[in-house]
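Engineer: return a 3D structure for these sequence lines:
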Amino acid sequence: MSVYNSLFKDSSFLWTSILCSAFSVWTLVQGEVLVIGSNLPIIAAPGDDVILPCHLEPMFDVQGMTVEWSKPDLKPDPSDRLSRVEYIHLYRDRQEVPDMKMASYFRRTELFMDDMKHGNISLKILNVSEEDNGRYRCFIPKLRSRVKAAVVELVVDPKYAKTSTTESPVYPRNFQTPDPREMSPRNTGRSRVFLVVVVAAFVSVVAVTAYFSRRQIK
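Structural biologist: Okay, here's the model as predicted:
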């Protein structure tokens with residue numbers, strides 16, 4: 001009878017661990033909104049207008065939130081106590097805040113205001129030059145997520161052929177930026193289900209290992 005009780009307790013421990021872990025993972029993945037940028041650099045010629053892609057997945061209305069675009073490699077002057085990190089573009093209280101913007105980007109940047117309700121926080125930069133080269137960071141400080149920011153790299157190359165239109169994003173060949181309005185819920189769901197399955201499988205392996213280790217100790 002004691003052997004049976006021991007096995008029953010061990011089995012209960014195993015399945016309770018698996019079910020609780022799986023439920024926690026599923027809840028976390030289902031409820032989290034992520035900031036997504038581009039893994040590939042955005043390449044443009046001097047004088048081009050470019051779009052630095054950044055959006056939230058799944059779609060999430062950010063019209064009432066603060067959105068910050070900055071260059072993370074630029075640091076304030078440590079010798080100047082009043083110096084601060086200036087923004088490439090700052091959106092707050094449903095409007096742009098030009099007072100905290102870098103002078104070199106004045107009247108050269110804009111967000112897609114109508115698309116922000118779909119989670120699109122991509123930044124358009126007009127008339128780029130080689131001085132605009134570098135990494136750009138889009139950040140939503142009050143987003144309840146582990147991933148509140150994404151980094152996009154811009155490369156302005158004089159040898160790159162100038163684009164024929166100022167309205168189209170400038171991307172490497174064969175690269176397309178996902179449009180939040182065109183993102184299929186089915187595709188998004190598939191990626192989330194896949195993530196849940198992978199994590200749940202890992203948790204199950206850990207739980208089974210712990211179960212047998214516990215029995216060996218006994």
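Engineer: pull the contacting residues for Asp61.
Structural biologist: By C-beta atoms under 8 Å, 6 or more residues apart in numbering, the contact set of Asp61 is 116-119. Every residue, glycine included, has its C-beta placed from N, CA and C.
Engineer: return the subset of the residues you listed lying in helices.
Structural biologist: When DSSP state H is applied, the contacts of Asp61 are split such that none fall in helices.
Engineer: now those residues: which count as buried?
Structural biologist: Buried subset of these (neighbour count, 16 or more other C-beta atoms under 10 Å): 116, 118-119.
Engineer: and which of those residues is nearest Gln63?
Structural biologist: Closest to Gln63 out of the buried ones among the contacts of Asp61 is Met116 (4.9 Å), distances taken as C-beta to C-beta.
Engineer: verify the contact between the closest one and Val62 for me.
Structural biologist: Yes: here Met116 reaches Val62: they are 5.3 Å apart, a contact under C-beta atoms under 8 Å.
Engineer: so where's the chain uncertain?
Structural biologist: Applying pLDDT under 70 to the chain flags the ranges 1-31, 76-85, 162-218.
Engineer: on that earlier part again, now the buried ones among the contacts of Asp61 as JSON lines including distance to Arg144?
Structural biologist: Output for the buried ones among the contacts of Asp61, formatted as JSON lines (distance: C-beta to C-beta, whole Å):
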{"residue": "Met116", "distance to Arg144": "17"}
{"residue": "His118", "distance to Arg144": "19"}
{"residue": "Gly119", "distance to Arg144": "14"}
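Engineer: closest one of those to Leu34?
Structural biologist: Distances from Leu34 to the buried ones among the contacts of Asp61, taken by C-beta to C-beta, are shortest for Gly119, at 10.0 Å.
Engineer: just checking, the closest one touches Val62?
Structural biologist: Yes: assessed by C-beta under 8 Å, Gly119 is found in contact with Val62 at 6.3 Å.
Engineer: the nearest residue to Met102 once chain neighbours are set aside: neighbour count?
Structural biologist: Nearest residue to Met102 in three dimensions, chain neighbours excluded: Glu86, at 4.4 Å (C-beta to C-beta, 6 or more residues apart in numbering). For Glu86, the count of nearby residues is 17 (other C-beta atoms under 10 Å).
Engineer: before we move on, which element is the closest residue to Met113 other than its chain neighbours in?
Structural biologist: Of all residues not flanking Met113 in the chain, Gln63 sits nearest, at 8.0 Å (C-beta to C-beta, 6+ apart). Under the criterion DSSP states H and E, no helix or strand holds Gln63.
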